[in-house]
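Enquirer: Fold the following and give me the result.
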Amino acid sequence: MTDTMVNQVEQDNVNLQNYWQVLKRRSPVIVLVVGSVMGLSAFYNLRQKAVYEAQGKLILNKESGISPLTGLGGKAGELTGLTNSSNPLETEAEIIRSNPIVEKTIEKLQLKDGQGKPLEIDDFLKSLQVTSVAGTDVMRLSFRSTSSQQAANVINTLMNVYLESNVRANRSKATAAREFLDKQLPQIEKRVVEAEAALRRFKDQNRVVSLDEEAKVGVEALRNITEEITKTEAEIKDSTARSLALQNQLRLTTPKAVNISTISQSTAVQQVLVEYQKVQNELAVLLTRLTEEHPQVVNLRDKEEALRQQLSKRVTETVGASESLAPKDLQVGQLAQNLTAELVNSEVTTLALTNRLQVLRKAFLNQQGRLRVLPKLEQQQRALERKLQVPQTTYQQVLKQLQEVEVAEKQQVGNARIVSTALVPKAAISASLTRNLALAGFLGTVLGVASALALESLDKRLKSLTQVKQLFGYPLLGTIPKLTKKSKNDEVSELATRDNPYSPVSAAFEMLMTNLAFTISDKQLQVVVVSSSVPDEGKSFVAANLAVAKAQMGAKVLLIDADMRHPRQHHLWELHNLTGLSNVLVGQNELSNSAQEALVGLDILTAGTIPPNPLALIDSQRMKALLKEAVKEYDFVIIDTPPITAASEAQVLGKLGDGMLLVARPGILESDAANVVKAQIQQSGQRMLGIVVNGVTSESSAGHYYHKSYYGGQKLSKKAEKKLLGTGQTVIQ
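Expert: Numbers count the residues shown, from 1 in each chain. Here you go, the predicted structure:
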């Protein structure tokens, strides 16, 4: 096995031993709890009256008893759970145990308690059990009572009350459903009417009959219009070309050709034109014979001017303008007339075709715009149709459900029926006294152990050597057994190393002294400061016996009582305390005059007169000088100081000495105080030699370190010896 595994096994063993020690320490509490629980159980069982138990069974169906013709067999009254983890049988069991069902059962049977008052619901439920039979839809009901007849009556009445409630509940569901549907139906119908009206308004506003047919017809019409436009454009081109050819041939513009054609066909213009031409001819003949001044010539000139004005007036009346027409254009030949007429007709045809083309293009744009709007209209129409379809479908479904619920409401529906009625029990059920006592013993043991552990957790005192060692973490230099009396009349000497050198206490101090010699390797250990965390841990006892053990080894030892607040060394050694450490520090005495010989090789410097401020004397140059003098005169110096939590002298002297030995006593030292002391030691930078555990017993050692030996006292067991060797201690027996 590896070192890690070995350490783990040892740690587990230590933990088990700790638990065992806790149980041993708290055994009175455990015994008291176990005895109380078993006593109460026995008393309760002996005081109980004969109890009878009656049972009945119900079967629950998933669906109600509605006729399948209604189509509601899987809806109204159906046993279902809200979630996948819910159990309908447990739900019905809770309904059976509900206050209304129980209260009505109590009222029907007039159940009374021991004082003659109506039985409380909670008391009723304590005697009632409702459980489901595993793997079935059957529910078992049982009731316990001191009366066998009452137990049977309660079960039968309870089942009947539940069945009546189940029927009412299912019918109430149908009634509530019908009332709800009655309220919803007009609202749904109103939504249907509103959706239909909206669809109708849409069709009226957008002139919609059938968008699909309109789209087909519109595409066909658009194709026809396109063909007509193409045909018309071709005809316009032909007519325009013909007009240009006629204009080139006649050398006339279209307006002029129209005017000439109009004048040629005007009788009034042609008559004046003939007279005008006749006067011109006569004038031409006269001018061949007569001069301009001749009266006939003058008359003809006047007549010619009159006819010319008359002709101009009639031309103006006919075509509206005469300035652009020459006299030769007022009368043309038949061919010219025909060509002019043809030019005019061609222009008229071109104009008509142009107008037709505009009409066709406008129709094309209108038709094209309509076709572009059709998809949007179709989308709007589909949206309105969907809005209409939803309430229509809902209306049909609600109407159908209303008709079915109206039928279901008139039927007696229920999910349960009685499988087995409760019979009057013939024999009483009796609880097994042995079984109850065994259960009470087990429960009491559990409660006792829990109480012991709870009390132990509330107790902050360190109770074992292991706890002390684990909390401080310093080397364990020694364990001092607890001083015990052999008889009531015997007195126990605190100087065991002096008065009983063969006792386990003496052996323990010898081992402690030996282990101290190995704590410092760079120099010889001469000055040891002994202190503790709190009072009553035995620091003065340890310091005194440690001094005796060192003196018995042949060394010259000085024991200084530096606890000038509560000095104790002069009581242990039965010495006077007229002069001592305080007197030396203030210069009243010398060390050689103040130290008192207690044993051969052991001098005691008591505390002396108690000063008003001990710390000021300890933390002074005179104290340093005193220790230097003591080191020269003595081989070993032990300083007994106040507890660390009580005063600061220990920390000051710890700096002056070679190291500090901390005394700890299980049962006295608390974990909180130990943590404070450890923090103070770390902050002050003390050189810790280790700890010595005082007052160790078989319980606090958690390992039975000591057993009786031929010394008439105790010696280390092999297991204890192995553990001490593991800590670096020297085993002396």
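Enquirer: Assign the residue lying farthest from the centre of the chain to one of the three secondary structure states.
Expert: In the chain, the greatest distance from the average C-alpha position (C-alpha atoms, centre = their mean) is reached by residue 289, at 137.8 Å. Under DSSP: H, G, I helix; E, B strand; the rest coil, residue 289 falls in the coil class.
Enquirer: Ramachandran coordinates for it?
Expert: Main-chain dihedrals, residue 289, degrees, to the nearest 10: phi -120, psi -30.
Enquirer: same question, residue 645
Expert: Here residue 645 shows phi and psi, under degrees, to the nearest 10, equal to phi -80, psi -10.
Enquirer: My guess is it contacts residue 677. True?
Expert: Yes. The pair residue 645 and residue 677 passes the contact test of C-beta atoms under 8 Å, sitting 6.2 Å apart. Just so you know, the C-beta spots here come from the backbone N, C-alpha and C atoms, and that holds for glycine as well.
Enquirer: More neighbours: these two, which one.
Expert: residue 677 (23 against 16; other C-beta atoms under 10 Å).
Enquirer: which residue sits closest to that one in space, ignoring its chain neighbours?
Expert: Spatial nearest neighbour of residue 677, excluding adjacent residues (C-beta to C-beta, 6 or more residues apart in numbering): residue 533 at 4.2 Å.
Enquirer: So residue 631 sits against residue 639, correct?
Expert: No. Counting by C-beta under 8 Å, residue 631 sits too far from residue 639 to count as a contact (11.8 Å).
Enquirer: Please enumerate the shared neighbours of these two.
Expert: When contacts are counted by C-beta atoms under 8 Å, 6 or more residues apart in numbering, residue 631 and residue 639 are jointly contacted by residue 527.
Enquirer: And the two? Which one has more around it.
Expert: residue 639 (30 against 16).
Enquirer: Packing partners of whichever strand or helix holds the more buried one?
Expert: Per DSSP states H and E, residue 639 falls inside strand 636-640. Under the contact criterion of 3 or more C-beta pairs under 8 Å, 6 or more residues apart in numbering; DSSP states H and E, strand 636-640 touches strand 527-532, helix 539-552, strand 557-561, helix 621-633.
Enquirer: Recalculate using a threshold of 10 Å.
Expert: strand 527-532, helix 539-552, strand 557-561, strand 602-605, helix 621-633, helix 649-656, strand 659-664 (3 or more C-beta pairs under 10 Å, 6 or more residues apart in numbering; DSSP states H and E).
Enquirer: Now that we have the ones you listed, can you turn them into a markdown table and tack on distance to residue 389 and mean pLDDT?
Expert: Putting these into a markdown table (distance: least, C-beta to C-beta, whole Å; pLDDT from 0 to 100) gives the following:
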| stretch | distance to residue 389 | mean pLDDT |
| --- | --- | --- |
| strand 527-532 | 94 | 92 |
| helix 539-552 | 99 | 91 |
| strand 557-561 | 108 | 94 |
| strand 602-605 | 113 | 94 |
| helix 621-633 | 107 | 92 |
| helix 649-656 | 94 | 87 |
| strand 659-664 | 90 | 89 |
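Enquirer: mind checking which of the ones you listed is nearest residue 99?
Expert: Evaluated over those, closeness to residue 99 peaks at strand 659-664, with 63.2 Å, by C-beta to C-beta.
Enquirer: Partner strands of the closest one and their direction?
Expert: According to DSSP bridges, strand 659-664 forms sheet pairs with strand 527-532 (parallel), strand 688-696 (parallel).
Enquirer: Residue 407: which of those is closest?
Expert: strand 688-696 (91.0 Å).
Enquirer: Quick one: distance of that closest one to the chain centre.
Expert: 52 Å (C-alpha atoms, centre = their mean, to the nearest Å).
Enquirer: Strands of the stretch 351-500 of the chain, start to end?
Expert: For the stretch 351-500 of the chain, the strands defined by DSSP state E, counting those that start in this stretch cover 416-420, 476-481.
Enquirer: Just the CA coordinates for the last one, please, in PDB.
Expert: Just to be clear, that refers to strand 476-481. In PDB, the C-alpha atoms belonging to strand 476-481 read as follows (Å, rounded to 0.1, in the frame of the first residue of the first chain):
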ATOM      1  CA  LEU A 476       3.000  17.100  19.600                       C
ATOM      2  CA  LEU A 477       5.800  16.800  22.100                       C
ATOM      3  CA  GLY A 478       4.000  15.000  24.900                       C
ATOM      4  CA  THR A 479       0.700  13.800  26.400                       C
ATOM      5  CA  ILE A 480       0.200  14.000  30.100                       C
ATOM      6  CA  PRO A 481      -2.300  11.600  31.700                       C
END
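Enquirer: Strand partners (parallel or antiparallel) of it?
Expert: In its sheet, and by DSSP bridges, strand 476-481 pairs with strand 688-696 (parallel).
Enquirer: just to revisit the earlier point, just the angle between the strand holding residue 639 and strand 659-664, please?
Expert: Counting by axes from the mean of the first three to the mean of the last three C-alpha atoms, to 10 degrees, strand 636-640 points 50 degrees away from the direction of strand 659-664.
Enquirer: Strand 636-640: partners in the sheet, and parallel or antiparallel?
Expert: By DSSP bridges, strand 636-640 pairs with strand 527-532 (parallel), strand 557-561 (parallel).
Enquirer: Those strands: which one's closest to residue 54?
Expert: strand 527-532 (72.3 Å).
Enquirer: quick one, the closest one and helix 649-656 angle?
Expert: With the same axes, to 10 degrees applied, the angle from strand 527-532 to helix 649-656 works out at 160 degrees.
Enquirer: orientation of strand 527-532 relative to helix 621-633 in degrees?
Expert: Going by the same axes, to 10 degrees, strand 527-532 makes 120 degrees with helix 621-633.
Enquirer: Tell me the gap between strand 527-532 and the middle of its chain.
Expert: On C-alpha atoms, centre = their mean, the centre of strand 527-532 falls 57 Å from the chain's centre.
Enquirer: Centre of the chain to stretch 349-365, how far?
Expert: Here stretch 349-365 is found 77 Å from its chain centre; the criterion is C-alpha atoms, centre = their mean.
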